[in-house]
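K.L.:
Generate a structure from the sequence data that follows.
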Amino acid sequence: MKRPQVIKKPGQISKIVVIGTSAGGLHALTTLISQLQQDFPAPILVVQHISADAVGNVLLDGLNKSGKLFCVHAENGMELAPGHLYLAPSDHHLMIDQEGKILVTKGAHENRSRPAIDPLFRSAAVAFGSKLIGILLTGYLDDGTAGLKVIKRCGGICIIQDPKDAEYPDMPRNALNQLEPDYVVPLSEMGSLLEQLVAMAPEASGPVPEDILIEAKIAARVLSDLTSVNALGNQVPFNCPGCGGVLWQVDEGPALRFRCHVGHAYTSATLLAEQTKKMEETMWTALRMFEERKNLLTTMAKGQKGAALQSSLERAKLSEVHIGRIKAILLANDKGTGSDIPT
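P.N.:
Residues are numbered from 1 along each chain as shown. Okay, here's the model as predicted:
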């Protein structure tokens, strides 16, 4: 039976590993964790995209059965311990505070997800700098790419699963299109690579860039003001799908990323996917209202004569035209991109 190891203080932890994954994550995580030994000398924190109404026990049980690490759901205030794996609970972000303890919050969704990968990667980079190893595995869209960039900027090591090895290659491929990682490897080689990397002495960490600190504080709900977000970029003529507020385009190079002052954050791909979802919801509502209008006009026409009858029938026919147009749009299944699939 696996036993919890002795808790070490944050300053005593020489390396820390963070992992992000989405679709296909159950297989990928169990395959990776099965390669690590019980005395693995670093704590591991994992974000797997999961629906808000799930409890995550299937993944947690699978990790405990397939590997030798001590795997638990993360709880707010926990101290990190080597040989332990901390899994983000459903509908909560998993982060690390600047004292090196676990932070579990109900903050705003990032990239349509809670838990999301970027908040974990960002907060861990701020807290641990060059001691951090970030891993991005299989999944849809591009959550985790911005987080890996932050890890690189803070001196950490970035590992991406080879897209050819990933069950769902979108996340690894999108990350590779936007940054140069330290390693791109299949799952079968990742365990031995981790063992080598955690045994190496970390380089000295430099100061954390101000924009990274601001975003980390916003995600942790320490900051929520216009001045802070204005420092990150410029307002754009798009509304936040999460709260309806104004969005700012974050200035970080060619990759488009957006954030509102409440804390919602999107890459261009996830913003497009969320807009598509909202549009589809609106279309279904409009379809229902037009069908109700047609049915009411048809019912009214049964008791009418003359001009009133003709007017009701014409208005019902016009409603039928609108119904046909809306159905045609919905049946076209235009998702905007090939990857706008909820995770």
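
K.L.:
Enumerate the residue intervals of the stretch 101-250 of the chain where per-residue confidence is below the cut-off.
P.N.:
Along the stretch 101-250 of the chain, segments meeting pLDDT under 70 span 222-225.

K.L.:
Residue 260 - nearest residue in space that isn't next to it in sequence?
P.N.:
Distances taken as CB to CB, 6 or more residues apart in numbering place residue 240 nearest to residue 260, at 4.0 Å, with adjacent residues excluded. Just so you know, the C-beta spots here come from the backbone N, C-alpha and C atoms, and that holds for glycine as well.

K.L.:
Would you agree that neighbour is in contact with residue 265?
P.N.:
No: assessed by CB atoms under 8 Å, residue 240 is found out of contact with residue 265, at 9.3 Å.

K.L.:
picking up where we left off before, give the full set of residues in contact with the residue nearest to residue 260.
P.N.:
Residues counted as contacts of residue 240 (CB atoms under 8 Å, 6 or more residues apart in numbering) are 246, 247, 258, 260, 262, 264.

K.L.:
and of those residues, the nearest to residue 56?
P.N.:
Distances from residue 56 to those, taken as CB to CB, are shortest for residue 264 (22.8 Å).

K.L.:
number of nearby residues for the closest one?
P.N.:
23 (other CB atoms under 10 Å).

K.L.:
quick one: it from residue 58, how far?
P.N.:
28 Å (CB to CB, to the nearest Å).

K.L.:
Repeat that for residue 140.
P.N.:
19 Å.

K.L.:
For those two, work out which one has more neighbours and name it.
P.N.:
Shown here are residue 140 and residue 58; by other CB under 10 Å, residue 140 has more neighbours (22 against 11).

K.L.:
Go ahead and list the helix or strand containing residue 133.
P.N.:
According to DSSP states H and E, residue 133 maps onto strand 132-136.

K.L.:
Give me the contact list for that strand.
P.N.:
Outside strand 132-136, the residues that touch it by CB under 8 Å, 6+ apart are 15-21, 32, 42, 117, 121, 124-125, 144-145, 147-148, 151, 154, 156-161, 171-172, 175, 190, 194, 197-198.

K.L.:
who does it pair up with?
P.N.:
Strand 132-136 has the following strand partners under DSSP bridges: strand 16-21 (parallel), strand 157-161 (parallel).

K.L.:
can you list those in TSV and add mean neighbour count?
P.N.:
Shown next, in TSV, are the strands paired with strand 132-136 (neighbours: other CB atoms under 10 Å):
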stretch	mean neighbour count
strand 16-21	28
strand 157-161	25
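
K.L.:
got JSON lines for the ones you listed, with distance to residue 235 too?
P.N.:
What follows is these, written out as JSON lines (distance: least, CB to CB, whole Å):
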{"stretch": "strand 16-21", "distance to residue 235": "29"}
{"stretch": "strand 157-161", "distance to residue 235": "31"}
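
K.L.:
nearest to residue 106, of those strands?
P.N.:
The closest of those to residue 106 is strand 16-21. By CB to CB, the value is 19.1 Å.

K.L.:
would you put the C-alpha positions of the closest one in CSV?
P.N.:
Below are the C-alpha coordinates for strand 16-21, written out as CSV (Å, rounded to 0.1, in the frame of the first residue of the first chain):
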residue,chain,number,x,y,z
ILE,A,16,8.5,20.5,-9.5
VAL,A,17,6.5,19.1,-12.5
VAL,A,18,3.3,20.5,-13.9
ILE,A,19,1.3,18.6,-16.5
GLY,A,20,-1.6,19.7,-18.7
THR,A,21,-3.9,17.6,-20.8
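
K.L.:
ok, and what's touching it?
P.N.:
28-29, 32, 42-49, 80, 117, 120-121, 124, 128, 131-139, 143-144, 147, 171, 194, 198.
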